[in-house]
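Asker: requesting a structural model of the entry that follows:
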Amino acid sequence: MAAGFLRALLDKGGHDEGGDDRLLVPLAFTGLCVLGATIYSTFYARPTSYPGGPRTHRQDRRASWTKRVTTLPAGWVFSHAEESHGVTQRHYQNMLGGEVPLTGEAAGRQMWYYDGKMAQALARVGKKNAEYSFSAAVNPNSADKVFRTQQISKWKGAMPDPKLRPKTAGEAARKGMSYYQMLQCEDGHWAGDYGGPMFLMPGLIFACYITKTPLGKEREEAMQAYLKNHQQEDGGWGLHIESPSSMFGTVMSYVSLRLLGLPASDPTCTAAHAFIQEHGGAVMAPSWCKFWLAVLGLHEWEGINSVPAEMWLLPRWFPFHPGRLWCHCRMVYLPMCYLYCRRFSADAAADPLLLALRHELYVTPYHDIAWDGERHACSDLDVYDPVSGLMKFLQNCLSYYERAPWLWLRKKGTDFAIAYIHAEDQQTNYVDIGPVNKTLNMLCVFAEGGKEAEAFKRHVGRLDDYLWLAEDGMKMQGYNGSQCWDTSFLVQAMADGGLVEAFPQAMRKAYSYLDRTQIKADEDEASYWFRHISKGGWPFSTAAHGWPIADCTAEGLKGVLALMDAPCVVEGGVPLIPPSRLEDAMHILLSYQNGDGGWATYENNRGWGWFELLNPSEVFGDIMIDYSYVELTSAVMTAMHKFNKRFPNHRSKEITRAIASGARFIRSIQRPDGSWYGSWGICFTYGTWFGIEGLIAAGEDPATSPSIRRALGFLLAHQQANGGWGESYLSCVDKAYPEDGTGQTLGEGGSGVVQTAWAVLGLLAGKCEDKEAMERGVRFLMAQQQEDGDWGQEGITGVFNRNCGITYSQYRNIFPLWALGRYAKEVEEKGR
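Answerer: Numbering: from 1, shown residues only. You can find the predicted model right below:
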């Protein structure tokens, strides 16, 4: 059947004599490879979701910054929810001369705007903004000083007593929440910095430059400040704010600064230019970077590996149909295929700045470069997951096809792609699933309909959703925030510590936010557009975003269960969530379970492990399918366990079977040393805490469970002399616990408060018999707590795709007070 389909295509679409027969050989070879890999991975390979490690080749380079301190100018104001919609409407009406429609639930939306009058008023009274200072050499992570200062200035209630030093874990948890409640937004969520990756904001800058969408003087200056602040001593920028310089980060950041108005003679640019030249010029940048350069007219399309839109026309049963890819992967390559197949580029020949950049970015003169020969070139500085020989072979085959593509088939492919892009835009209220496809989709609708297109205007109105302002400048976040995720965790922390009624107003507002954020309906034509069901789920950020996730649904459900019987909620005049909506949440959780017993992120796993042989990205690992993860699996299992206790007559047998299957999966991916690899948090303390919690939810006895005993042994073996635990992003990159913990510059003596909290939570869940070890961990957390109840910002704590760190600025508060509160309730109170 497949051979007949291919022959039919070839008979219909041939152009040059003999070209069809030449294509049959690589197509047949590809089919055999797909069949063999499918059989092997299905029947013989280790569980697909086992992350492997440690890696043979460790990352030995480290980032380093010049010792300097900068200060952010005053005048930036945070806005959220309904108010933020009005701010955006006024901003773009003044800037673009017309309305920018905003749709979807307003709760959770967050954005920043510049208030010139405020800046002038502060200047008149001599406000220096010293609290907004930043030095990457001290810590490349922002402490979110701007947001926190503004929220605290609005607080009308009692503030923590700086002179009161907690003597118990319970007192420390209460003081921690007394501080943290001041940061809560009026709609009930907690906002914060979710930046970190250095390759995101350049895409937004490029898209705005191409479409001539003004960012505004103050935004451009704040973006310049961010890029300058994170430039390293060698002149480059890393993949993320803590990683060593790479060609990806450097080329993208250099071009961004030039487009933002910085001259090539500026010291920042000259240092970056020298780094690029030293490492072979932009032809040595990874494929995503080259793609962006091609869109800007700074790289020829002949030097870009094919991204054929025709793939979308394959029958859906085809083993490597793009609809089987992990949603983040397919939603990036979807707009890429549209732009690639249209060869959409800015008119560099008519733009003096782009012409200058053509000269600056390359070692060889631009018009002398043999572009086709550079398609596979990539600097060793960037390669994390080398493109396989099979993928390079297939890309080479496609390069022949690109010389004379079947235009009738290409048009069908691009027509489907742009229709799919419109569906994604509408389903997410033009927020889109993530920052990369957000800006690429914006370019696609511009390429299709120009600046006056309604879809383009709606995209412009949602640019603010991704921009965050901190003392290091303005950045693009890895999502439109982590609002629902952080709020769900905080609620559970309060419940575990018995502190819900001590903070009734904060808990009522959080409950209301979880109510407004739950997804109330499925998307139209969901299956046609490769979407899983949505009704009943919770997202990572906002309901307007529209993509529910398995663990976000689980944590949201646990948050609601923790509060639904609380007097401060039941008697507080808050509209209560009906049980039917919690049943909807359970329905989607049950539907998310994979065949291996685990749970993935947005959807069920639709592919096979061999898909990674076709990973074209070089920079990221394990991006091709939606794997089952220990964190996701544990989160869902614990949610099911708590739901089953509260509603024992609703699908109890199905839930029990699902939990048992999840436990088998968790045991199957435990590492020999007793740990679990954390794929979304850094790293082994995070994964191991989740692994223990999941097995406890399945009913395993900590005293007799070999898996839990080994996990506890792992945690105890990695406790530092100061009582804490610590890891850096290198845990995820190398898939090995770092010998120096957090490193000596981030954290305290190699320990960090977030990893320490995760370890303590794991020890508590596993009923660890070593009480002294837990007490030492708790004492470390208490010692690091500041006078106002806050904890200092340490290293980056989030990660994605194995190799890229991402900031969770709220973790430094949520998890220490969670560990302290649970310890107080389970150990201190029982000891009285």
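Asker: give me the low-pLDDT residue ranges for the stretch 451-600 of the chain?
Answerer: Low-confidence segments of the stretch 451-600 of the chain (pLDDT under 70): none present.
Asker: ranges for the strands of it?
Answerer: 467-470, 473-476 (DSSP state E, counting those that start in this stretch).
Asker: list the strands paired with the last one, with their directions.
Answerer: In the sheet, strand 473-476 lines up against strand 467-470 (antiparallel) (DSSP bridges).
Asker: go through the strands of the stretch 451-600 of the chain and name the closest to residue 372.
Answerer: strand 473-476 (32.2 Å; C-beta to C-beta). To be clear about C-beta, it is placed using only N, CA and C from the backbone, and glycine gets the same treatment.
Asker: how far does that closest one sit from the chain's center?
Answerer: A distance of 15 Å separates the C-alpha centroid of strand 473-476 from that of its chain, computed with C-alpha atoms, centre = their mean, to the nearest Å.
Asker: name the residues that touch that strand?
Answerer: Here strand 473-476 makes contact (C-beta atoms under 8 Å, 6 or more residues apart in numbering) with 72, 112, 134, 193, 195, 200-201, 203-204, 219, 222-229, 435, 466-469.
Asker: if we can go back for a sec, closest to residue 376 out of the strands of the stretch 451-600 of the chain?
Answerer: Closest approach to residue 376 among the strands of the stretch 451-600 of the chain is made by strand 473-476 (28.5 Å; C-beta to C-beta).
Asker: picking that back up, out of the contacts of strand 473-476, list just those in strands.
Answerer: When strands are assigned by DSSP state E, the members of those inside them are 112, 134, 467-469.
Asker: out of these, the closest to residue 156 would be?
Answerer: Residue 156 lies nearest to residue 112 out of those, by C-beta to C-beta, at 22.9 Å.
Asker: so, low pLDDT: which residues of the chain?
Answerer: Of all residues in the chain, those with pLDDT under 70 make up the ranges 1-47, 122-130, 832.
Asker: excluding its backbone neighbours, what's nearest the residue nearest in space to the middle of it?
Answerer: Nearest to the mean C-alpha position of the chain, by C-alpha atoms, centre = their mean, lies residue 478 at 4.6 Å. Distance criterion C-beta to C-beta, 6 or more residues apart in numbering; nearest residue to residue 478, sequence neighbours excluded, is residue 806 at 4.8 Å.
Asker: what about that neighbour, distance to residue 492?
Answerer: 22 Å (C-beta to C-beta, to the nearest Å).
Asker: what do you get for residue 392?
Answerer: The value you get for residue 392 to residue 492, if C-beta to C-beta is used, is 47 Å.
Asker: for these two, indicate the residue with more neighbours.
Answerer: Counted by other C-beta atoms under 10 Å, residue 392 and residue 492 do not tie: residue 492 has more neighbours, with 21 against 15.
Asker: quick one, what contacts the more buried one?
Answerer: Taking C-beta under 8 Å, 6+ apart as the criterion, residue 492 is in contact with 555, 558-559, 562, 818.
Asker: now with 7 Å?
Answerer: 558-559, 562 (C-beta atoms under 7 Å, 6 or more residues apart in numbering).
Asker: also residue 308?
Answerer: With contact set as C-beta under 7 Å, 6+ apart, residue 308 has these partners: 337, 341, 398, 413.
Asker: rerun at 8 Å
Answerer: Contacts of residue 308 by C-beta under 8 Å, 6+ apart are 337, 340-341, 398, 401, 405, 410, 413.
Asker: residues of stretch 251-269 that come out buried?
Answerer: Residues of stretch 251-269 classed as buried: 251-260, 262, 264, 268-269 (neighbour count, 16 or more other C-beta atoms under 10 Å).
Asker: ugh, wrong one, I meant stretch 423-431
Answerer: Going by neighbour count (16+ other C-beta under 10 Å), the buried part of stretch 423-431 is 423-425, 427-431.
Asker: can I get these in CSV including secondary structure and distance to residue 295?
Answerer: Output for the buried residues of stretch 423-431, formatted as CSV (DSSP: H, G, I helix; E, B strand; the rest coil; distance: C-beta to C-beta, whole Å):
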residue, secondary structure, distance to residue 295
423, helix, 22
424, helix, 19
425, helix, 18
427, helix, 24
428, coil, 22
429, coil, 25
430, coil, 20
431, coil, 21
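Asker: TSV please, covering those and showing distance to residue 174.
Answerer: Output for the buried residues of stretch 423-431, formatted as TSV (distance: C-beta to C-beta, whole Å):
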residue	distance to residue 174
423	48
424	44
425	45
427	42
428	39
429	39
430	42
431	36
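Asker: quick revisit: of the buried residues of stretch 251-269, which pair is most distant in space?
Answerer: Longest span within the buried residues of stretch 251-269, C-beta to C-beta: 252 and 264, 16.4 Å.
Asker: and the helices in the stretch 501-650 of the chain, which stretches?
Answerer: Secondary structure of the stretch 501-650 of the chain, counting by DSSP state H, counting those that start in this stretch: helices at 504-517, 550-563, 567-570, 579-592, 630-646.
Asker: out of the ones you listed, deepest packed?
Answerer: For the helices of the stretch 501-650 of the chain, the largest average neighbour count (mean count of other C-beta atoms under 10 Å) is found in helix 550-563, namely a mean of 26.
Asker: would you map the helices across the stretch 651-800 of the chain?
Answerer: 652-668, 684-697, 706-717, 730-734, 753-765, 771-784.
Asker: so can I have JSON lines of those showing distance to residue 360 and mean neighbour count?
Answerer: Below are the helices of the stretch 651-800 of the chain laid out as JSON lines (distance: least, C-beta to C-beta, whole Å; neighbours: other C-beta atoms under 10 Å):
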{"stretch": "helix 652-668", "distance to residue 360": "51", "mean neighbour count": "18"}
{"stretch": "helix 684-697", "distance to residue 360": "42", "mean neighbour count": "28"}
{"stretch": "helix 706-717", "distance to residue 360": "50", "mean neighbour count": "19"}
{"stretch": "helix 730-734", "distance to residue 360": "31", "mean neighbour count": "25"}
{"stretch": "helix 753-765", "distance to residue 360": "41", "mean neighbour count": "29"}
{"stretch": "helix 771-784", "distance to residue 360": "46", "mean neighbour count": "19"}
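Asker: can I get those helices in TSV with distance to residue 377?
Answerer: Converted to TSV, the helices of the stretch 651-800 of the chain look like this (distance: least, C-beta to C-beta, whole Å):
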stretch	distance to residue 377
helix 652-668	39
helix 684-697	35
helix 706-717	41
helix 730-734	23
helix 753-765	38
helix 771-784	46
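Asker: so which of these comes closest to residue 140?
Answerer: Smallest distance to residue 140 across the helices of the stretch 651-800 of the chain (C-beta to C-beta): 14.4 Å, for helix 730-734.
Asker: now that closest one: how far from the chain's centre is it?
Answerer: 17 Å.
Asker: restrict that helix to CA atoms and write it as CSV.
Answerer: Taking Å, rounded to 0.1, in the frame of the first residue of the first chain, the C-alpha atoms of helix 730-734 are listed here in CSV:
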residue,chain,number,x,y,z
LEU,A,730,25.1,20.6,34.5
SER,A,731,23.1,17.8,36.2
CYS,A,732,20.7,17.9,33.3
VAL,A,733,23.3,18.4,30.6
ASP,A,734,25.7,15.7,31.8
